[in-house]
Structure formats: C-alpha cells, structure tokens
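A.B. asks: here is my input, please return the structure:
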Amino acid sequence: MKINFLTLNPDENTASYRVWVKDLSGYISDLNIESKIFTKIDYIEKDTDVLVLCKSAYKVSNQIKNLFPNTIVGAINIPCDYYDEKIDFVIVGSIEEYVSMSYYKNVFIFPLIEKKFIGTHIKEHVAKETFDIFFHGSYTHLFKFEPFLKNAIEYYDKNIKKVNLRIVTSNTSFDWKVGKPKVNIEMYKYDNEFANIAQSCDIGVVPNVSDVRLFSKDIQQITSTDFGLYNTDYFIRMKNKTNPGRAYVFYQLGIPVIQDICPSSFELMCKTSYNLCAYDERSYIREFKKLSNPKIRNKIAIENNLMFKKHYNVNDHTKRLIEKIKEIS
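C.D. replies: Numbering: from 1, shown residues only. From the prediction side, this is the model:
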C-alpha cells in the first residue's frame, strides 16, 4: 500500500503541514508502508493507493480523481462548510473538529504530535525570582488573553511575583492591542530555538475560548429555570478547529500547562492527578499560585510526560489511522 501526500505549500511554520504531512508521512514510513510527499500534481506516482491532500491542496480533489480514479482521496484541515464528494475521508485533530465535519462519513482523528519533541529531555524546574509564562501559536489567538488571562497575569505580576511572558508566533510584528498584558513581553518567531525558549519558562498557557459578551452587549445573563438558564452560566465561543495540539508540546517538554474549557482540553488532563484548567480571572490566578512551587511543577511535568507517552504513542495512532483507511478501500 502506498499512502502519499500532496501539498502546494510545504511551510514548516504551519502545524497542519509540519505534523499532519511531514511527520505523519514519516510515521507511516516507519511502519514499512511507502509514503512520499509531492508538491506538484504531475509528480504524483501512478500507483498511489491513497493520496492525502493537505490544507493548501484540498480543492484539487476533482482533478486528482480524474487522473487517479482508483485512488482513495483524503483531506486535512478543510473548512467545516466545504463538501466535496470526491473526498473519501478527512483527517482531523480533535473531537470538536470531528463533530464539525458532519458532511463526511469517514472522519478520522489523528493527534497533532510533534515528532521533533519525541524523546526530548523534560525541563527540571527550579526556584527563581520571576514567573515565566509561555504561549505559542498563531498570533490570532493572542486576542484570547482578553480579558481573563490578561487580568490574571497583571494581578500576579503586581501582587505576587514579576511575570515574563514569552511568545512564539507566526507574526512577531503583529500590532497586539486587545488582550495584551502590561508586563514584560518577549516575542519570538518559530525556529530551531523553540524548545529552548519554551523550557526557559515555568508554565504554558493555551487560551482558546472567548467570552461572547465581549462582542455583543445585547447578550444578557437571563435566568430561567424553564430553559435551564442560570446567571452563573458560561458564555463562550471557540473555533470548530479547536484541538489540543499546542498543549501536547508542553506535555512533551515537561512544562505544566493551564488549558481552557474546550472539550479536547480534558482528554489527557483528566488522566493525570492535576486538573490545570481555567476560564475566568480567579481560576487563572488559582492555577498560577498552585504552579508557583517548583516542586509541584516538577511532579506535574514528570507525570504529564509519562501519561503523554502512554496515550500518545505515534506508532499506535498511525496504525489505527491506517486500519481505518483500509476499511474504506
């Protein structure tokens, strides 16, 4: 069986390419199944059994089916409102994205596991004078600091310990206004120093949900037992492509991570002894205080890393994916 990939934009800075194309193709090859990555349609081998179209290539499925009528066509990271009957299966990274791909019969979850961090020595946490917080991801997520995480960071910086906020993002020149904490901030581009920058920090954060009351003043805290509504309900909005991939990196590198209340945030967290989860200002401050102790951070880092290795073995997940693809062949 040949499982090949087509990308029109092999960008190492894009997680959907780096993990679901470059890394996944390598994982498949490690199982002695032939897998190659092509950047032009003309180069695709005629005996390709399965061709997976990456984010930049999913719209060429019709052309692919005409050229390779017997080839199974998969797609990665496509819009949830895009339907193409030429696509036989879709690869996603979370239960949130799985649910949103309801147009497609075959939707397979493959976790975004960074190959480059497999086997990395985890950080050893020590006491120091500052509290260093790490964020990595698209600059479009920086807005998600507003207002709760922003307020919690500023409170901690002012009342407990000085905070350094280190950020690795795709656009370091982004004019960050909404949600930007008034603390020391260091911005970095994604490069080979990523792990060193991450492991210089004490904790990680992966803000993803937004309080919808920020966008519309018409939304009110309506209380009605007839509708099961209470004044303490959450008001949240999140991407349909929400996935725990950013958190996985922290598990791999040995950095305790505070996640938000997205469904996929809990899939691994609830297998550990510590529920490091926050939404509003008070819950973030509570987790900051808990993680101010380096002994606690080391204990969490070791346990999280062991649990990640147990539940996110790439060979196991790759074998499952291949079996699911074979079932539709």
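
A.B. asks: just the strands in this protein please.
C.D. replies: Remark: strands assigned in the chain by DSSP state E are 3-6, 37-38, 50-53, 72-76, 89-92, 107-109, 131-136, 163-169, 184-189, 203-206, 210-211, 236-237, 257-259.

A.B. asks: now the last one: mean pLDDT?
C.D. replies: Put plainly, it is strand 257-259. Averaged across strand 257-259, the pLDDT comes to 97.

A.B. asks: give me the buried positions along stretch 6-14.
C.D. replies: The neighbour-count criterion (16 or more other CB atoms under 10 Å) identifies L6, T7, L8, P10, T14 as the buried residues of stretch 6-14. For glycine as for every other residue, the C-beta is placed from the backbone atoms N, C-alpha and C.

A.B. asks: ok, these vs L268, which is closest?
C.D. replies: Minimum separation from L268 among those (CB to CB) is found for T14, which lies at 23.4 Å.

A.B. asks: what's the closest non-adjacent residue to the closest one?
C.D. replies: K55 (7.2 Å; CB to CB, 6 or more residues apart in numbering).

A.B. asks: I'd like to know how many residues surround that neighbour.
C.D. replies: Number of residues near K55 (other CB atoms under 10 Å) recorded here: 20.

A.B. asks: and the pLDDT at it?
C.D. replies: 88.

A.B. asks: do you know how far it is from I91?
C.D. replies: Distance, K55 to I91, by CB to CB, to the nearest Å: 11 Å.

A.B. asks: what sits in contact with each of those two?
C.D. replies: Counting by CB atoms under 8 Å, 6 or more residues apart in numbering, the common neighbours of K55 and I91 are I76.

A.B. asks: all helices of the stretch 1-150 of the chain, in order?
C.D. replies: In chain order, the stretch 1-150 of the chain shows helices spanning 15-17, 24-30, 61-67, 95-100, 148-159, with DSSP state H, counting those that start in this stretch as the criterion.

A.B. asks: got the ones you listed as CSV, with distance to T169, mean pLDDT and mean neighbour count columns?
C.D. replies: Below are the helices of the stretch 1-150 of the chain laid out as CSV (distance: least, CB to CB, whole Å; pLDDT from 0 to 100; neighbours: other CB atoms under 10 Å):
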stretch, distance to T169, mean pLDDT, mean neighbour count
helix 15-17, 12, 83, 22
helix 24-30, 24, 96, 19
helix 61-67, 31, 95, 16
helix 95-100, 22, 97, 18
helix 148-159, 15, 98, 19
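
A.B. asks: tell me the residue furthest from the middle of this structure?
C.D. replies: The outermost residue of the chain, judged by C-alpha distance from the chain's mean C-alpha position using CA atoms, centre = their mean, is D226 at 37.2 Å.

A.B. asks: what about this protein, any weak spots by pLDDT?
C.D. replies: In the predicted model of the chain, residues 329 satisfy pLDDT under 70.

A.B. asks: find the centremost residue of it, please.
C.D. replies: In the chain, the centroid-proximal residue (CA atoms, centre = their mean) is G245; its distance is 2.6 Å.

A.B. asks: quick one: residues contacting the nearest residue to it once chain neighbours are set aside.
C.D. replies: Among residues not flanking G245 along the chain, L112 sits closest, at 3.1 Å (CB to CB, 6+ apart). Remark: with contacts taken as CB under 8 Å, 6+ apart, L112 is in contact with A15, V19, W20, G93, N243, P244, G245, Y248.

A.B. asks: buried residues in the longest helix belonging to the chain?
C.D. replies: Among the elements of type helix in the chain, defined by DSSP state H, the one spanning the most residues is helix 294-311. Applying a neighbour-count criterion of 16+ other CB under 10 Å, one finds R297, N298, I300, A301, E303, N304, N305, M307, F308 buried in helix 294-311.

A.B. asks: where's the fourth one relative to L165, distance?
C.D. replies: Which is A301. With distances defined as CB to CB, the gap from A301 to L165 amounts to 20 Å.

A.B. asks: again, but for the last one
C.D. replies: F308 sits 25 Å away from L165, taking CB to CB as the criterion.

A.B. asks: swap in the first one?
C.D. replies: Remark: distance between R297 and L165 (CB to CB) = 17 Å.

A.B. asks: what's the answer for M187, then?
C.D. replies: 9 Å.

A.B. asks: show me which of these two is the more surrounded one.
C.D. replies: Looking at M187 and L165 with other CB under 10 Å, you find the greater number of neighbours at L165, namely 22 against 15.

A.B. asks: ok, what's across the strand from the more buried one?
C.D. replies: Beta-bridge pairing for L165 (DSSP bridges): I133, I185.

A.B. asks: touching, it and E186? I think so.
C.D. replies: Yes. The pair formed by L165 and E186 meets the contact definition of CB atoms under 8 Å, at 7.3 Å.

A.B. asks: ok, now which ones touch the residue nearest to P294 when sequence neighbours are not counted?
C.D. replies: Among residues not flanking P294 along the chain, H125 sits closest, at 4.1 Å (CB to CB, 6+ apart). For H125, the contact set (CB under 8 Å, 6+ apart) comprises D202, P294, K295, R297, N298, A301.

A.B. asks: before we move on, the earlier item: right, and the residue nearest to the centre of the chain touches F117 too?
C.D. replies: No. Because the distance of 11.6 Å does not satisfy CB under 8 Å, G245 is recorded as not touching F117.
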